[in-house]
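Visitor: Sequence and predicted structure are below.
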Amino acid sequence: MERLFKLKEHGTDVRTEIMAGVTTFMTMAYILAVNPSVLSAAGMDSTAVLLATCLASFIGTMCMGLMANLPFALSAGMGLNAFMAYTVCGSMGYPWQVALLAVFIEGIVFILLSVTKVREAIFDSIPLALKKAVSVGIGLFIAFIGLQNAKLVVGGATLVEMVDLTEEFSTRGICALLALIGTVAMAILYIKKVPGSILIGIIGTWVLGMLCQLMGIYKPDGENWFSLFPNFSMTDFSALGKTFGQCFNVDMDNVGIFNFITVIFAFLFVDLFDTLGTLIGVAAKADMLDDEGKLPAIKPALMADAIATTGGAVLGTSTTTTFVESAAGVGAGGRTGLTAVTTAVLFLASMLFAPIFIAIPSFATAPALIVVGFLMFSTITDIKFDEKHFTSAVPAYLCIIAMPLFYSISEGISIGVISYVVINLFCGKRKEINPIMYVLAVLFVLKYIFL
């Protein structure tokens with residue numbers, strides 16, 4: 001373990017890394033329930049998608065751990081799966097096989113970009129202040145996701161508002177209350193430096209929920225609110241054949257080439273900057289960036305991401321990307337690839353015990369996202385907001401608020417890059433702008449015009 005992952009060099013040990021890997025998996029396990037649900041709207045078999053998601057997550061996360069020695073996990077990206085199901089297959093009317101082909105081509109392009117160091121150059125060109133801002137923005141973003149998963153934040157006249165705990169108390173209300181209790185308990189355990197505090201918080205909140213169900217406080221209705229106890233039925237492994245290799249079973253004569261290219265570029269843009277944003281944000285929080293703001297293992301990390309996307313398309317799932325929930329494992333002390341390898345093994349095991357893992361309710365993992373959001377938000381103290389640094393502070397601020405408000409990591413980076421170039425250009429600080437930043441700013445503007 002020491003030779004493979006350099007544990008002492010990173011100030012960690014096997015126990016901490018394994019605990020961090022389990023924590024990361026627990027916060028990501030919801031994807032095993034959500035991804036089949038989303039992609040089934042495109043006409044795909046939900047069991048096949050579940051198996052493909054498990055395998056793609058295993059391949060990508062294992063590559064990340066062994067190739068890059070980083071504690072980051074990969075799975076089918078939220079947002080990208082919705083884009084595939086509801087936009088490409090829904091609004092645009094393409095068969096899901098065509099969408100998978102677009103994802104496969106995207107993965108091949110990313111492999112080429114990773115080999116030629118294009119993605120690495122983009123990562124290195126982003127100024128340090130923006131990289132720190134990405135970490136802060138992701139913290140707010142995942143905290144917001146946590147509040148939504150906990151059903152504490154709901155839509156309303158002001159776009160978002162706090163849920164009425166007394167309304168539908170036996171379902172929505174009690175889940176929101178349990179999430180609040182779990183968040184406070186998890187924070188206390190973390191402050192007291194209890195090992196595995198985040199994981200303990202997740203399991204403890206889940207157990208509280210099951211006790212509430214036994215006592216009749218939580219009452220599942222079988223439609224929107226389900227039993228908190230796991231189902232021990234086995235998975236139909238033969239279902240994978242319904243999606244495996246189907247990305248190559250496409251009749252291109254019925255596919256408009258221009259629209260198809262547009263779909264590929266849409267996948268490329270969102271995946272590229274979601275991945276870069278996640279790597280930047282989580283690496284910054286884990287103090288893995290060097291003095292110049294670079295991530296030493298960025299090239300193999302990006303290659304692992306590209307391999308996962310390509311393999312996932314062949315298996316039968318939407319774009320596989322680095323997950324922001326990796327921050328939960330980092331918050332639990334994960335610093336090396338052993339964390340990722342642990343998470344990967346659990347994804348593989350989840351093929352056998354998927355009904356158990358997908359039973360983890362969202363209100364139990366929500367406290368982890370909220371607490372980790374705080375940990376990532378603390379990076380804001382590294383950004384200089386004095387008048388001397390306004391030209392970098394203002395873009396950093398715009399990047400931070402854009403991520404939760406626009407509900408997208410890539411949009412936050414986009415706003416940050418464009419504003420950084422424009423502000424520094426008109427404030428006479430052209431020398432501060434890396435030439436690649438000009439290219440990125442133009443591409444982002446073109447994205448808003450054409451995509």
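Guide: Okay, I see it.

Visitor: what's the domain layout of this protein?
Guide: The record assigns the chain these domain ranges, following automatic domain parsing: 2-226+238-379, 380-450.

Visitor: quick one, strands of this structure?
Guide: Along the chain, counting by DSSP state E, strands occupy 74-76, 153-154, 161-162, 320-322.

Visitor: Same list, these, but as CSV with distance to residue 290 please.
Guide: Heads up, the C-betas are built off the backbone N, CA and C, glycines and all. CSV is the format used below for the strands of the chain (distance: least, C-beta to C-beta, whole Å):
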stretch, distance to residue 290
strand 74-76, 23
strand 153-154, 37
strand 161-162, 42
strand 320-322, 19
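
Visitor: winner for burial among these?
Guide: strand 74-76 (a mean of 31; mean count of other C-beta atoms under 10 Å).

Visitor: what stretches of the stretch 301-450 of the chain score poorly on pLDDT?
Guide: Residues of the stretch 301-450 of the chain meeting the criterion pLDDT under 70: 357-358.

Visitor: now the helices for it?
Guide: In the stretch 301-450 of the chain, the helices defined using DSSP state H, counting those that start in this stretch lie at 326-331, 337-357, 362-377, 390-406, 409-426, 435-450.

Visitor: Pull the number of nearby residues for residue 72.
Guide: Other residues near residue 72 come to 33 when the count uses other C-beta atoms under 10 Å.

Visitor: Against residue 167, how distant is residue 377?
Guide: Between residue 377 and residue 167 the computed distance is 30 Å (C-beta to C-beta, to the nearest Å).

Visitor: Compare the two (neighbour count), which wins?
Guide: Neighbour tally, residue 377 and residue 167, criterion other C-beta under 10 Å: the higher count belongs to residue 377, 19 against 10.

Visitor: which residue sits closest to the more buried one, ignoring its sequence neighbours?
Guide: residue 139 (3.8 Å; C-beta to C-beta, 6 or more residues apart in numbering).

Visitor: Run through the residues that contact that neighbour.
Guide: The contact partners of residue 139, taken as C-beta atoms under 8 Å, 6 or more residues apart in numbering, are 281, 285, 327, 372, 373, 374, 375, 376, 377, 378, 379.

Visitor: what's the neighbour count on the third one?
Guide: What it means is residue 327. Residue 327 is flanked by 29 other residues according to other C-beta under 10 Å.

Visitor: That one and residue 378, how far apart?
Guide: Taking C-beta to C-beta as the measure, residue 327 and residue 378 are separated by 12 Å.

Visitor: again with the fourth one
Guide: Counting by C-beta to C-beta, the gap between residue 372 and residue 378 amounts to 11 Å.

Visitor: what do you get for the first one?
Guide: Spatial separation of residue 281 from residue 378 under the definition C-beta to C-beta is 12 Å.

Visitor: Same check on the second one?
Guide: Residue 285 sits 8 Å away from residue 378 when distances are taken as C-beta to C-beta.

Visitor: what about these two, which has more around it?
Guide: Regarding residue 285 and residue 378, a neighbour count based on other C-beta under 10 Å identifies residue 285 as having more, with 24 against 13.

Visitor: Quick check: phi and psi on the most centrally placed residue in the chain?
Guide: Taking C-alpha atoms, centre = their mean, the centroid of the chain lies closest to residue 323, which sits 2.8 Å from it. As for residue 323, its main-chain torsions (degrees, to the nearest 10) stand at phi -90, psi 140.

Visitor: list the contacts for residue 12?
Guide: 333, 334, 335, 336.

Visitor: What of residue 411?
Guide: Taking C-beta under 8 Å, 6+ apart as the contact definition, residue 411 lies against 402, 403.

Visitor: How much space separates it from residue 273?
Guide: With C-beta to C-beta as the criterion, residue 411 and residue 273 are 9 Å apart.

Visitor: residues shared between the contacts of those two?
Guide: Counting by C-beta under 8 Å, 6+ apart, nothing touches both residue 411 and residue 273.

Visitor: all helices in the stretch 101-250 of the chain, in order from the N-terminus.
Guide: For the stretch 101-250 of the chain, the helices defined by DSSP H, counting those that start in this stretch occupy 118-125, 128-149, 174-191, 197-214.

Visitor: Show me where the stretch 151-300 of the chain dips below the pLDDT cut-off.
Guide: Per-residue confidence for the stretch 151-300 of the chain (pLDDT under 70) gives these ranges: 253-255.

Visitor: can you tell me which residues contact the residue lying closest to residue 406 once chain neighbours are set aside?
Guide: In this structure, residue 406 finds its nearest non-sequential neighbour in residue 412, 6.9 Å apart by C-beta to C-beta, 6+ apart. With C-beta under 8 Å, 6+ apart as the criterion, the residues that contact residue 412 are 134, 137, 141, 277, 399, 400, 402, 403, 406.

Visitor: try residue 177
Guide: For residue 177, the contact set (C-beta under 8 Å, 6+ apart) comprises residue 165.

Visitor: Would you mind measuring from it to residue 168?
Guide: When distances are taken as C-beta to C-beta, residue 177 and residue 168 turn out to be 12 Å apart.

Visitor: what's the answer for residue 386, then?
Guide: Plainly put, residue 386 is 48 Å away from residue 168 if you go by C-beta to C-beta.

Visitor: Those two - which one has more neighbours?
Guide: residue 168 (18 against 7).

Visitor: Could you pull up phi and psi at the more buried one?
Guide: Backbone dihedrals for residue 168, given as degrees, to the nearest 10, come out at phi 50, psi 50.

Visitor: wait, which of the helices of the stretch 301-450 of the chain is closest to residue 96?
Guide: Checking these against residue 96 by C-beta to C-beta gives helix 337-357 as the closest, at 21.1 Å.

Visitor: Could you tell me how far that closest one lies from the centre of the chain?
Guide: For helix 337-357, the distance between its averaged C-alpha position and the chain's averaged C-alpha position is 16 Å (C-alpha atoms, centre = their mean, to the nearest Å).
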